[in-house]
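# Could you look at this predicted model? Sequence included:
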Amino acid sequence: MKKLYHAEAGHGMPLVLIHGFPLDHTLWHHQLAGLRDVARVIAPDLRGFGKSPEARRAVTMEQHACDVAHLLDRLGLERAVIGGLSMGGYVALAFAELFPERMAGLILCNTRAVADADSAKKTRETVARRALQEGMTALAPILVQPLLSDRTRKAQPGLIGFMEAMIGRQDPAGVAASSRGMAARPDRMGLLHGIKVPSLVVTGSGDRLMAPAESEAMAARLPNAKLVVIPGAGHLSNLEMPEAFNKEVRELLGRIG
């Protein structure tokens, strides 16, 4: 595996933030800037996304988690707070299963621990095929549609173009590889009971892709978790409401520190 590209800022507790699908590390620009005084914020591009090496076959969430572990090795870090949004949450949970001793804390944003239903798996395959056949510029407006809440669209219309540009620049083969990898992931609800580190579960009241009830179910099973529902935020809670999001991460880091 070639080296993952990553951006980082700040010093202190290592905080790895893993982007969602089909995005890249720039999703976390408010956290790179806003949390640098309390953490060493590390935002990688997963394999096949952004500036990281390409992916031509299905990439599982476990493979992504191993890539993150290799990044920690390269940076000389034994442990870190691992956080992920949506697909990044799937990767964070795979990391928790494979490398529990390397987690100082866990952040699950707008994600779920259950496996895909058959209908969702079919949708993943459709997205993979369309990415390869039509390209990401054509798909971007469609994929952006459910990501932002109605409130965000009205209050921050510039985020629509920002997200369309982010999605549009992704490699279609990398997008297809992770779409198929997400369809293959196992149910990890049973894993949550054994995650003892301080945890934060974040969602938005306006998330149309993953209902807040999914976050409630995960938080109820994590032994040391705080659940936060950010009013008015959609599926990209960290980007839509960065001040509220960063406040909660700071509180988590205080619990760990």
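Yep, it's here. Numbering: from 1, shown residues only.

# Checking my notes, residue 228 in a strand, right?
Yes - the assignment for residue 228 (DSSP: H, G, I helix; E, B strand; the rest coil) places it in a strand.

# residues in contact with it?
By Cβ atoms under 8 Å, 6 or more residues apart in numbering, the contact set of residue 228 is 200, 201, 202, 203, 248. Just so you know, the C-beta spots here come from the backbone N, C-alpha and C atoms, and that holds for glycine as well.

# how far away is the last one from residue 185?
Same thing as residue 248. Counting by Cβ to Cβ, to the nearest Å, the gap from residue 248 to residue 185 is 26 Å.

# again with the third one
Residue 202 sits 20 Å away from residue 185, taking Cβ to Cβ as the criterion.

# neighbour count winner among these two?
Set residue 202 next to residue 185 and count neighbours by other Cβ atoms under 10 Å: residue 202 wins out with 28 against 19.

# Show me where the protein dips below the pLDDT cut-off.
Residue ranges of the chain with pLDDT under 70: 1-2.

# Give the full set of residues in contact with residue 101.
Per Cβ under 8 Å, 6+ apart, neighbours of residue 101: residue 79.

# Can you give me the buried ones in stretch 121-139?
With burial defined by 16 or more other Cβ atoms under 10 Å, the residues of stretch 121-139 counted as buried are 121, 124, 127, 128, 130, 131, 136, 139.

# Distance to residue 52 and secondary structure added to those residues, as a markdown table?
A markdown table is the format used below for the buried residues of stretch 121-139 (distance: Cβ to Cβ, whole Å; DSSP: H, G, I helix; E, B strand; the rest coil):
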| residue | distance to residue 52 | secondary structure |
| --- | --- | --- |
| 121 | 25 | helix |
| 124 | 21 | helix |
| 127 | 20 | helix |
| 128 | 18 | helix |
| 130 | 22 | helix |
| 131 | 17 | helix |
| 136 | 16 | helix |
| 139 | 20 | helix |
